[in-house]
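Participant: 3D model of this:
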Amino acid sequence: MTSTADAPAPLRIGNASGFYGDRFDAMREMLTGGPLDILTGDYLAELTMLILGRSRLKDPARGYATTFLRQLEEGLGLAQERGVRIVANAGGLNPAGLADAVRELARKVGVPVRVAHVEGDSLPVPEGFLTANAYLGGAGIAACLDAGADIVVTGRVTDAALVTGPAAARFGWGPDDLDALAGAVVAGHVLECGTQATGGNYSFFRGHDLRRPGFPVAEIHADGSSVITKHDGTGGVVDLGTVTAQLLYETGGARYAGPDVTARLDTVRLTQDGPDRVRISGVRGEAPPPTVKVGLNRLGGWRNEVVFVLTGLDIEAKAQLVREQFADALARSGAEPGEVRWELSRTDRADAAAEETASALLRLVVRDRDQETVGRAVSGAAIELALGSYPGFHVTAPPGKGAPYGVFEARYVPAGEVPHIAVLPDGRRQSLAPPATTRPLRDADEPPLPEPLPDPGPTRSAPLGRIAGARSGDKGGDANVGVWAVGDDAWRWLAHELTVERFRELLPETAALTVVRHVLPNLRALNFTVHGLLGEGVAAQHRFDPQAKAVGEWLRSRHLPVPVALLETVHAPEAHA
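Facilitator: Numbers count the residues shown, from 1 in each chain. Below you'll find the predicted structure:
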């Protein structure tokens, strides 16, 4: 039996990017702020792949995240001095091109580095689409690191692969080490969105200094358990709430599937391990599914937007007038867009002391396959109303010519049909086989609910956020809303109170949509998937909150009858009415 003293030291993996456009100085801050073995960067999202696809249309040599190169101008030397290896998916649609650019940069700054890359994710693009990329696992990254790479760049891998790959290389895990891999997947999911794990976008933000939260670090152990932390002296906080929130972000039920392993989120156990330290343990893994997710992006057409400002009295009548005038103008032009959407936001207040607070916003969004139909026809109709519409007519910005929008679609193909190739520092190409053992994915059985509160007593109308946190996000056209309770008693109440029916009642925009609830007792959490809330996805800008980032906070603000005993005894990280 291996003693604790003989156990290998944990692998310290830091993250310096949660999206393309994240804090530019983060790479330097992470390299200089404390000890690390690996520094990762997640630059890709569904929308990013579309942006890179359009970039590559203009210049076939591009298609990667250029910000990463600029960060490396200083980061290469710092990483070499500190013995830190860098793993990033900044290669996007052209990892080989980025690898060459990194080598050229290394020669320019005089820092010798061994560069490798992972490819194979780029699949034949179906007719009508712009990109088609499979989500690869961490095996290619592990092979590159095993071959001595100092920097590994990839295309479309799963976000968690940036952690599972280095961990597998460090501890020698194979495809059958499912529990260890699953633990690393969970740690990777916590790290992937950067400062969302250290207090960013956090329901209980008022209890902490979040002016400049530090980026997260995971200390991965040989058994796959980990501790989530951050560099000493950096802003933000790492506690049970921040880690729970990130675990619920853009996930669904108990089975969290990926190409390396299916992690069981219902087995995750979180414990506070000291200030700004949360231990993740107990994660069980199952064989991955036999198929691999493929993300496809296409240009959906053209969109335009006009926001009319309605001030003072008769807001509804003013909105009705401009709608009728606009419809008439479009009909006369003979160029009516295929989709016309109006949204009236009543931001106005009665007897307001400032003009802005006396005003409401009427938002018009149009879409069509033809640019002229949403461009000149729409902008012309809006401008021509300027002197002949409702009193106080003005718009927030001059109407434009229209802009292209994209559509994301997910498909699944057999894992054996997707090449996975590690291009090693010496140029050798190593093909990685898919896992030999797979398990078809199906929903886990719902766990039993906790015993309800024996005598909840009298209730009082209060916001759900008094006793629960939430985080929400997008997956294609679906929205994910994770809700967790503050304390055991609050969980006993929440698990029985926040049903799908109550969820729909609190969020009327979801009433006609399919809503699925998943129960995660270890996290005292419920995870809801709202199918179709976001239309064709973030790039289509279907909703004014196109990534559903604030749906969770909207839910927390809704009032419902809450037991007075809970309101008096449950102490959220911040108290607010």
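Participant: Let me see the ranges of the strands in the stretch 401-550 of the chain.
Facilitator: In the stretch 401-550 of the chain, the segments counted as strands under DSSP state E, counting those that start in this stretch are 403-414, 421-423, 429-431, 459-463, 468-475, 478-485, 515-520, 525-530.
Participant: In JSON lines, list these along with mean pLDDT.
Facilitator: Formatted as JSON lines, those follow (pLDDT from 0 to 100):
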{"stretch": "strand 403-414", "mean pLDDT": "91"}
{"stretch": "strand 421-423", "mean pLDDT": "98"}
{"stretch": "strand 429-431", "mean pLDDT": "98"}
{"stretch": "strand 459-463", "mean pLDDT": "95"}
{"stretch": "strand 468-475", "mean pLDDT": "94"}
{"stretch": "strand 478-485", "mean pLDDT": "96"}
{"stretch": "strand 515-520", "mean pLDDT": "97"}
{"stretch": "strand 525-530", "mean pLDDT": "97"}
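Participant: so which of those gets nearest residue 330?
Facilitator: Between residue 330 and the strands of the stretch 401-550 of the chain, the tightest spacing by Cβ to Cβ is seen for strand 403-414, at 18.8 Å. Bear in mind the C-beta positions are built from the backbone N, C-alpha and C, glycine included.
Participant: Can you give the strand pairings for the closest one, parallel or anti for each?
Facilitator: Using DSSP bridges, strand 403-414 pairs in its sheet with strand 291-311 (antiparallel).
Participant: so how far is the partner strand from its chain's centroid?
Facilitator: In terms of Cα atoms, centre = their mean, to the nearest Å, the centre of strand 291-311 is set 17 Å apart from its chain centre.
Participant: Return the list of helices and strands in contact with whichever helix in the chain runs longest.
Facilitator: Ranked by residue count under DSSP state H, the longest helix found in the chain is helix 315-333. Helix 315-333 makes packing contacts with strand 291-311, strand 339-345, strand 359-368, helix 376-384 when contacts are defined by 3 or more Cβ pairs under 8 Å, 6 or more residues apart in numbering; DSSP states H and E.
Participant: which of these has the lowest average pLDDT?
Facilitator: Ranked by mean pLDDT, the helices and strands packed on helix 315-333 bottom out at helix 376-384, with a mean of 86.
Participant: Show me what it is packed against.
Facilitator: Applying 3+ Cβ pairs under 8 Å, 6+ apart, we find helix 376-384 packed against strand 291-311, helix 315-333, strand 359-368.
Participant: among the ones you listed, which is nearest residue 219?
Facilitator: Relative to residue 219, the nearest member of those by Cβ to Cβ is strand 291-311, separated by 28.9 Å.
Participant: Just the angle for that closest one relative to strand 339-345, thanks.
Facilitator: 60 degrees (axes from the mean of the first three to the mean of the last three Cα atoms, to 10 degrees).
Participant: Would you mark the buried spots in stretch 484-501?
Facilitator: Within stretch 484-501, the residues scored as buried using 16 or more other Cβ atoms under 10 Å are 484-487, 489-495, 497-498.
Participant: For those, please prepare JSON lines with the additional fields distance to residue 550.
Facilitator: Output for the buried residues of stretch 484-501, formatted as JSON lines (distance: Cβ to Cβ, whole Å):
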{"residue": "484", "distance to residue 550": "17"}
{"residue": "485", "distance to residue 550": "20"}
{"residue": "486", "distance to residue 550": "20"}
{"residue": "487", "distance to residue 550": "25"}
{"residue": "489", "distance to residue 550": "28"}
{"residue": "490", "distance to residue 550": "22"}
{"residue": "491", "distance to residue 550": "24"}
{"residue": "492", "distance to residue 550": "28"}
{"residue": "493", "distance to residue 550": "24"}
{"residue": "494", "distance to residue 550": "20"}
{"residue": "495", "distance to residue 550": "24"}
{"residue": "497", "distance to residue 550": "22"}
{"residue": "498", "distance to residue 550": "18"}
